[in-house]
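[1] sequence first, then the predicted structure:
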Amino acid sequence: MKFNTALLASLLLGLCLHAPAMGNTKAQKTASPAASKGKKVAKAQKVTTVRKAAGPAAAQLAKSHESQIQAGCLDAQGLAQLHERMQMPLEPGALSLQSQERAACWPYSAVMTRPLVRDGLALLLAPEGERSQPEALIYFRSPSDAAASPMRWTYPSDQGGLRQLSTAGLRADDGDLQDVPAHLLWEVELIARMMGQALKLSPGTHHLRLTLAADPASGLEKIYAIELLESATSAPVEAAIWLERQGMPGAYFSLQGLDYERMLWQSPVQFSRISRGVGPSAVTIRRKVTVKSRKQGKPRTVVRTFRVKGQHIGIDFAAPTGTPVVAVADGEVIHADFNGGYGKLIIIDHGQGHHTYYAHLSAYASDIRPGTPVRRGETIGLVGSTGFSTGPHLHYEIRKQGQYIDPTLAHQKLQFWSLTEEEQPALLARLLMLQWAPKSGPALIEASRGASAQ
């Protein structure tokens, strides 16, 4: 009864507002009762009901520390300068500088965190005598340490092999990346594009060197590192170093400080534009609803306009129907079904309470169902317009413990986008192996995998 009273009031108000116009023309004065009734019905169909949608709260993400990573070759003087800058003096007897003076350069890797968490420096020791595998001498210093403490890292030789390949350039559409394995092409292409744009590289001046490692679990190769080289000199310019984790997604770390993980987590589809991001939102939707008739008492179907106000908690990527949608990181599918306003929805669990949502899909990949493990870059569905959607697009969300995350906030990061104190030895050892592998020949490359597995 309340709804009918409001409807009647709105009709009367509409008639009052339109009374002058109705008295101005002869055609309107002589309008038939049937036409007037039709206008009333049309007016009733335009009634707008405002609703407020209650969504989940935003996740609170603490500002994380920044890691500066270095790698290269040093002579004895350069090594001493680096130790002094990092306040990590060489300890007598820990390393013989004289034994390395004959070398043209000394492979090293370093990581420094701001604010200071733990600084590390690793030096590659060449095989000597009966020792065929290289070793690394790694120094660490935390804020509470007066001096750095050294540790030795031995590269295991029983964990498979590494394979390296070089690309012709940086563009997939020009065939430069045609030798990259198909299941890795999505992330390699995105990283290559980011390198080219961020470093403002001229076309045709650089190429990639990919180091790939065997993955016994899937039978497919996975990325060990992606290096950017100057084509004319083969000098390294940048590297995206992959670090595997247990129980949570791995991540890429950059020598130039580029935020590869944020970019990859924001790229679930090849889109034409972002039609809407995270923030306050108001959406107008027209739906058929059933209402009671005041005279006959029989229900009838009319069109109502609903204006829904709330917080848009995802990113809308406008793209044609049928455009492939990929998983932004490794995980497990926990939902693949129709879900109200989301339409056809896929939810992937990435560990430690992190989930990604892919909504309004037109179809699922043939093997996608709850419990299915998925790899980063794997196609999981196709763009559509199912559920409460005004056109073909992908609605994409990142959530932590059910609370939404805005991945566009530069000062916030997901936990696994940052390098932890415990992960520094593995990253430093992997950086050193990249310098050793190209010079060691196929035999040692095949036996050198596993620096990050410890």
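    Thanks, I have it. Numbers count the residues shown, from 1 in each chain.

[2] pLDDT weak spots in this protein?
    Applying pLDDT under 70 to the chain picks out residues 1-55, 62, 85-104, 126-133, 156-160, 277-283, 295-297, 310-311, 437-454.

[3] residue nearest the centroid of it?
    Centroid-nearest residue in the chain: Trp265, 0.9 Å away (criterion: CA atoms, centre = their mean).

[4] any idea how far that one lies from Pro299?
    From Trp265 over to Pro299 the distance is 48 Å, taken as CB to CB, to the nearest Å. Yep, even glycine has a C-beta here, placed from its N, CA and C like the rest.

[5] which strands or helices does whichever strand or helix holds Arg304 pack on?
    Secondary structure assigned from DSSP states H and E places Arg304 in strand 299-312. Helices and strands touching strand 299-312, by 3 or more CB pairs under 8 Å, 6 or more residues apart in numbering; DSSP states H and E, are helix 33-45, strand 48-52, strand 279-292.

[6] switch to 6 Å and redo it
    For strand 299-312, the elements it packs on are strand 48-52, strand 279-292, judged by 3 or more CB pairs under 6 Å, 6 or more residues apart in numbering; DSSP states H and E.

[7] name the residues of it that are buried.
    If you call a residue buried by 16 or more other CB atoms under 10 Å, then strand 299-312 has these buried ones: Arg304, Phe306, Val308, His312.

[8] turn the residues you listed into JSON lines, columns for distance to Gly78.
    Listed next are the buried residues of strand 299-312 as JSON lines, based on distance: CB to CB, whole Å:
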{"residue": "Arg304", "distance to Gly78": "74"}
{"residue": "Phe306", "distance to Gly78": "68"}
{"residue": "Val308", "distance to Gly78": "62"}
{"residue": "His312", "distance to Gly78": "52"}
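
[9] which residues touch Val180?
    Residues in contact with Val180 (CB atoms under 6 Å, 6 or more residues apart in numbering) are Val188.

[10] tell me the SS of it?
    coil (DSSP: H, G, I helix; E, B strand; the rest coil).

[11] from Leu255, how far off is it?
    Using CB to CB, one gets 21 Å for the distance from Val180 to Leu255.

[12] how near is Val269 to Ile347?
    Distance, Val269 to Ile347, by CB to CB: 16 Å.

[13] same check, this time on Glu230
    Counting by CB to CB, the separation of Glu230 from Ile347 is 43 Å.

[14] who has more neighbours, these two?
    For Glu230 and Ile347, the more surrounded residue by other CB atoms under 10 Å is Ile347, and the numbers stand at 21 against 13.

[15] how about the helices in the chain?
    Secondary structure of the chain, counting by DSSP state H: helices at 2-22, 26-29, 33-45, 76-85, 185-198, 260-265, 424-447.

[16] I'd say His354 and Lys400 touch.
    Yes. His354 is within contact range of Lys400, at 5.4 Å (criterion: CB atoms under 6 Å).

[17] if you count surrounding residues, which of those two has more?
    The residue with the greater number of neighbours, taking His354 and Lys400 and applying other CB under 10 Å, is His354; the counts read 22 against 18.

[18] please report how far the closest residue to Phe271 other than its chain neighbours lies from Leu409.
    Distance criterion CB to CB, 6 or more residues apart in numbering; nearest residue to Phe271, sequence neighbours excluded, is Phe317 at 3.7 Å. Between Phe317 and Leu409 the distance is 18 Å, computed by CB to CB.

[19] pull the contacting residues for Gly387.
    By CB under 6 Å, 6+ apart, the residues touching Gly387 are Gly341, Tyr342, Gly343, His360.

[20] residues in contact with Leu170?
    By CB under 6 Å, 6+ apart, the contact list for Leu170 reads Asp176, Ala192, Gly196.

[21] top of these by neighbour count?
    Of all the contacts of Leu170, Ala192 has the most neighbours under the rule other CB under 10 Å, reaching 25 neighbours.

[22] quick check: closest non-adjacent residue to that one.
    In space, Ala192 comes closest to Leu170 once its chain neighbours are excluded; the distance is 4.3 Å by CB to CB, 6+ apart.

[23] and the residue nearest to Glu378 when sequence neighbours are not counted, what is it in contact with?
    Computed as CB to CB, 6+ apart, the closest residue to Glu378 that is not its neighbour in sequence is Ala327, at 5.2 Å. Shown here is Ala327, whose contacts under the criterion CB under 6 Å, 6+ apart are Ile348, Val374, Glu378, Ile380.

[24] how much space separates Ala327 from Tyr404?
    In this view, Ala327 and Tyr404 are 19 Å apart by CB to CB.

[25] what do you get for Ile241?
    Applying CB to CB, one obtains 30 Å for the distance of Ile241 from Tyr404.

[26] who's more crowded, the two?
    A direct count of neighbours by other CB under 10 Å for Ile241 and Tyr404 places Ile241 higher, at 27 against 20.

[27] pull out the buried positions in stretch 174-189.
    Of the residues in stretch 174-189, Asp176, Leu177, Val180, Leu184, Trp186, Glu187, Val188, Glu189 count as buried by neighbour count, 16+ other CB under 10 Å.

[28] separation between the closest residue to the fifth one other than its chain neighbours and Ser293?
    Think Trp186. Once flanking residues are discounted, Trp186 sits nearest to Gly377: 3.4 Å by CB to CB, 6+ apart. Gly377 is 55 Å from Ser293, where distance means CB to CB.

[29] and what of Ala426?
    Between Ala426 and Ser293 the distance, using CB to CB, works out to 72 Å.

[30] when those two are compared, which one has more neighbours?
    Comparing Ala426 with Ser293 by other CB under 10 Å, the one with more neighbours is Ala426, at 19 against 10.

[31] buried ones in stretch 212-223?
    For stretch 212-223, a neighbour-count test (16+ other CB under 10 Å) marks Leu212, Ala213, Ala214, Glu221, Lys222, Ile223 as buried.

[32] widest-spaced pair of those residues?
    Among those, the pair separated by the greatest distance (CB to CB) is Ala214 and Ile223, at 11.7 Å.

[33] overlap in contacts, those two.
    The contact sets of Ala214 and Ile223 do not overlap (CB under 6 Å, 6+ apart).

[34] could you report the neighbour count for Ala59?
    Residues within reach of Ala59, counting by other CB under 10 Å, total 18.

[35] leaving aside the residues adjacent along the chain, what's closest to it?
    Excluding its sequence neighbours, the residue lying closest to Ala59 (CB to CB, 6+ apart) is Gln403, at 3.8 Å.

[36] neighbours around the one you found, how many?
    Residues within reach of Gln403, counting by other CB under 10 Å, total 15.
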